[in-house]
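sequence below, structure please.
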Amino acid sequence: MLMVSIKESLLRFLRKFEKAIYSLFRSFQLMGLAVLLLLFIALPNPLTAEAFVGPLQGEYLFKAGDNLAWADPNLDDSDWSKINIPGSWQEQGFKSNKYMGWYRINFTVQADFEDNGLGLFLGQVHNADQTFLNGTKIGSTGKFGRWFVETRGERLYKVPQGLIKPGRMNCLAIRVMSLEMGSGLVTDRPLLDKYLVLLKEKHRREKMVIIEETIFLTLILSLFISCCFFYITGSREKEYIYFALFALLFILSIILDSQMFFETGLKTPVVEAVLLMFMPLIPVTMLMFFVSFANYSITPVIKHTVFFSLGFALATLFFANFNYAAFSLISHLWLVQIVWTSILGLYVIQYAIRRKVPEFFPVILGSASVILSGLFYALFSLGIPALNKYYATLLRFDDHMGLLFMICLVYALGMRFNRIQHKAASLSGKILVAHENERKRLARELHDGLGQNMLAVKFNLQRTNQKMQNNDIEDIIQEVSGSIEELRNISMGLRPALLDKAGLDSAIKSYADRIGNGTDTIVKVVSKTIPRLSSSVEDNIFRIFQEAVGNALKYAKAAHINITLHYNGSMLEMTIADDGVGFDYPKISKTGKGMGLSTIKERMDLLDGKLQIRNLKGKGTKMRIWVRANTI
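Numbers count the residues shown, from 1 in each chain. Model (predicted):
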């Protein structure tokens, strides 16, 4: 009983969700974009706490490459280049050497400086770092070399007491390894202050980042669930599968690269390799979505692109993280793949525009942002100086371009799903109307044609038998009378005349009386006089009544059937209850074996009504329907 109730509640929820999803979808998108905009504004700014020493003042220097001797405070760094902090080294025109780079700054503090309980705050560093103060390593985050792991979060290290030299020159050296294009000290200038003050600020910032990641991930998961819902509820086109794969890869990339995941301690080189494997899979999945959505044929070029991308992903998984040369080659191949899939995507888009593929405009809008983002990445990788100043802006909005892209695609899928559903409902309605018209025609022909001919035969036989008084003729007359009565019942079943002449309640009462007289089942109808309703409502409600009563007689073997009709001026309610053996409604609905139930659902969808079926196997069934109906 409990499981049946839970299943019915779930089915009702899905039906309500299906009706609500379209009206909520636009407001949901706007809400999501508004939240993200607020997050951009509310993201933590550089430290504003009253600093004990403050941001380190001096000339920041940078050099590409790697040499642990560069941590020596006595190193001659005259050949190093000046660099602005904060900001990535790529946007300032610097290139790393095997993804490595070093920062140095020489600074002084006052002679009366107290170095008890100090901390050094670096802000966000992309990605792994080792930090040296006056030649002594004070902290590190992430892993270097062949077992490199990208890291997230703010960097804060304790400064050992006595390490800083008051009134003299001090040297801070920071070793950084990053596979990203936005590398280095990207959010803050290094800052000295009381460790506990900086720790509090660090936790506040990381909490804000986790909130942003959670909201961002929730929005994307909602889009993914919406797509799955469209597919499960009947739209089994391939574009829903491709979008689901694209969204799943995107979600996994966000999770595995998030601050939350990094804090679990599960970020390993294997996870890093999996993340890199997603790089070639995401563009080709997006391409296949375009192809499927635009109904474009899969050409040999597209097939070869897919096979190349799959092989590329496997190669990335096994080789990218273990060899600098291999990763460099894979990075360049990935850029080539982005450009190539973008070109193919643009070709498919122009094909869809020429063919006027429905719902493709949101896809164009969303894909434009992603394709432009990919092309900009390719241009930045070429090291064009004129583009460097725009790179920070691109990095800031990159992930959110992905979200915009997904919102546009789900919106397009929702529009297509809505159109297909309306088209299917319209077709179903036309079939039911044609079916009803055919019933009317057959009922009329049986009554006016065959019925009248058989009645004439009966009258002629009766007139002949008045003279002959033959028992054989009398038997034939009785057989003809039975056939006429059976033909009348068939005609009434096809289309009761009372339904057109007297209305719904009269037709139901007449049909119920005929069943009660012809079977051992007691059929009771409780109804006040119902005014004439539209023919569509009367026809479909009567057919639902017929189907439900027929099921109760044929399958449930009911001894009693009670029908209640009520009309309050705008809403018609009908209840049909029996004391039969019942049936497993969720199971029949799932397997699709109950054709009668399917027809009832189709009729209720056509009338935009509500259907409720409560049953307990062995203890009867109760069906209730509600339909908005106006009098005529």
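
distance between the ends of stretch 252-264?
Its start and end residues considered, stretch 252-264 measures 15 Å (Cα to Cα, to the nearest Å).

name the residues of it that are buried.
Neighbour counts using 16 or more other Cβ atoms under 10 Å place Ser253, Ile254, Leu256, Asp257, Ser258, Gln259, Phe261, Phe262 of stretch 252-264 among the buried residues. Bear in mind the C-beta positions are built from the backbone N, C-alpha and C, glycine included.

quick check, nearest of the residues you listed to Val291?
For these, the minimum distance to Val291 (Cβ to Cβ) is 22.2 Å, reached by Ser253.

quick one: which of the buried residues of stretch 252-264 sit in helices?
The members of the buried residues of stretch 252-264 that map onto helices under DSSP state H are Ser253, Ile254, Leu256, Gln259, Phe261, Phe262.

among the buried residues of stretch 252-264, which has the minimum pLDDT value?
pLDDT across the buried residues of stretch 252-264 is lowest for Gln259, at 79.

for that one, give its distance to Thr214.
Using Cβ to Cβ, to the nearest Å, Gln259 is found at 10 Å from Thr214.

cool, Tyr103 as well?
Noted for Tyr103: a distance of 32 Å to Thr214, by Cβ to Cβ.

next one: Thr151
19 Å.

now do the contacts for the residue most central in space within the chain.
Central residue of the chain (Cα atoms, centre = their mean): Phe224, 2.4 Å from the mean position. Counting by Cβ atoms under 8 Å, 6 or more residues apart in numbering, Phe224 touches Ala244, Ala247, Leu248, Ile251.

of these, which belong to helices?
Counted as lying in helices by DSSP H, out of those, are Ala244, Ala247, Leu248, Ile251.

who wins for neighbours among the contacts of Phe224?
Highest neighbour count within these: Ala247, with 24 neighbours (other Cβ atoms under 10 Å).

so it is in contact with Ser222, correct?
No - using Cβ atoms under 8 Å, Ala247 is not in contact with Ser222; the gap is 10.3 Å.

wait, Asp520 sits on Ala558?
No - under the criterion of Cβ under 8 Å, Asp520 is not in contact with Ala558, lying 10.3 Å apart.

out of these two, which sits in the busier spot?
Neighbours per residue (other Cβ under 10 Å) separate Asp520 from Ala558, with Ala558 holding more: 24 against 7.

secondary structure element for that one?
Ala558 is part of no helix or strand when elements are defined by DSSP states H and E.

quick check: it touching Asp578?
Yes - the pair Ala558 / Asp578 is scored as a contact, 3.7 Å apart, by Cβ under 8 Å.

about what we covered before: just the contacts of Phe224 now: which is nearest Arg204?
Using Cβ to Cβ, Ile251 comes nearest to Arg204 of the contacts of Phe224, at 26.8 Å.

so who does the closest one touch?
Ile251 is in contact with Leu217, Ile220, Leu221, Phe224, counting by Cβ under 8 Å, 6+ apart.

filter those residues down to the buried ones and hand me the ChimeraX line.
Those of these that count as buried under 16+ other Cβ under 10 Å are selected in ChimeraX with:
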select :217,220,224
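
out of the contacts of Ile251, which sit inside strands?
Using DSSP state E to define strands, no part of the contacts of Ile251 is located there.

I'd like the contacts of Ile251 laid out as JSON lines, including distance to Gly135.
Below are the contacts of Ile251 laid out as JSON lines (distance: Cβ to Cβ, whole Å):
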{"residue": "Leu217", "distance to Gly135": "42"}
{"residue": "Ile220", "distance to Gly135": "46"}
{"residue": "Leu221", "distance to Gly135": "48"}
{"residue": "Phe224", "distance to Gly135": "50"}
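
using JSON lines, lay out the contacts of Ile251 together with distance to Ala315 and pLDDT.
Below are the contacts of Ile251 laid out as JSON lines (distance: Cβ to Cβ, whole Å; pLDDT from 0 to 100):
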{"residue": "Leu217", "distance to Ala315": "29", "pLDDT": "82"}
{"residue": "Ile220", "distance to Ala315": "28", "pLDDT": "78"}
{"residue": "Leu221", "distance to Ala315": "30", "pLDDT": "83"}
{"residue": "Phe224", "distance to Ala315": "28", "pLDDT": "81"}
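
mind checking which of the contacts of Ile251 are in helices?
The members of the contacts of Ile251 that map onto helices under DSSP H are Leu217, Ile220, Leu221, Phe224.

how close does the third one get to Arg543?
Translated: Leu221. Leu221 is 42 Å from Arg543, where distance means Cβ to Cβ.

just the first one next, same as before
For Leu217, the distance to Arg543 (Cβ to Cβ) stands at 48 Å.

the last one too?
As defined by Cβ to Cβ, Phe224 lies at a distance of 40 Å from Arg543.

next: the second one.
Distance of Ile220 to Arg543, given as Cβ to Cβ: 45 Å.

same check on Phe230?
For Phe230 relative to Arg543 (Cβ to Cβ), the value is 30 Å.

out of the two, which sits in the busier spot?
Taking other Cβ under 10 Å, Phe230 and Arg543 do not tie; Phe230 has more neighbours (26 against 17).

neighbours around the closest residue to that one other than its chain neighbours, how many?
Nearest non-adjacent residue to Phe230, counting by Cβ to Cβ, 6 or more residues apart in numbering: Phe417, 4.5 Å away. The tally of other residues near Phe417 (other Cβ under 10 Å) stands at 25.

and Phe417, its phi and psi?
Note on Phe417: its backbone torsions stand at phi -60, psi -40 [degrees, to the nearest 10].

which pLDDT value goes with it?
Phe417 carries a pLDDT score of 73 in this model.

ok, now His400?
pLDDT, read off for His400, is 63.

do the same with the one 10 residues further on
The per-residue pLDDT reported for Val410 equals 75.

hmm, it is touching Phe246, no?
No - the pair Val410 and Phe246 fails to qualify as a contact (Cβ under 8 Å) at a distance of 10.8 Å.

residues in contact with Ile473?
By Cβ under 8 Å, 6+ apart, Ile473 lies in contact with Leu461, Thr464, Asn465.

for Ile138, which non-adjacent residue is closest in space?
Ile138 sits nearest to Tyr157 (Cβ to Cβ, 6+ apart), 4.8 Å away.

measure the closest residue in space to Ile220 that isn't next to it in sequence to Ser481 for me?
Nearest non-adjacent residue to Ile220, counting by Cβ to Cβ, 6+ apart: Ile251, 5.6 Å away. Going from Ile251 to Ser481 by Cβ to Cβ gives 74 Å.

check Thr521 too.
Going from Thr521 to Ser481 by Cβ to Cβ gives 25 Å.

many thanks, I have nothing further to ask.
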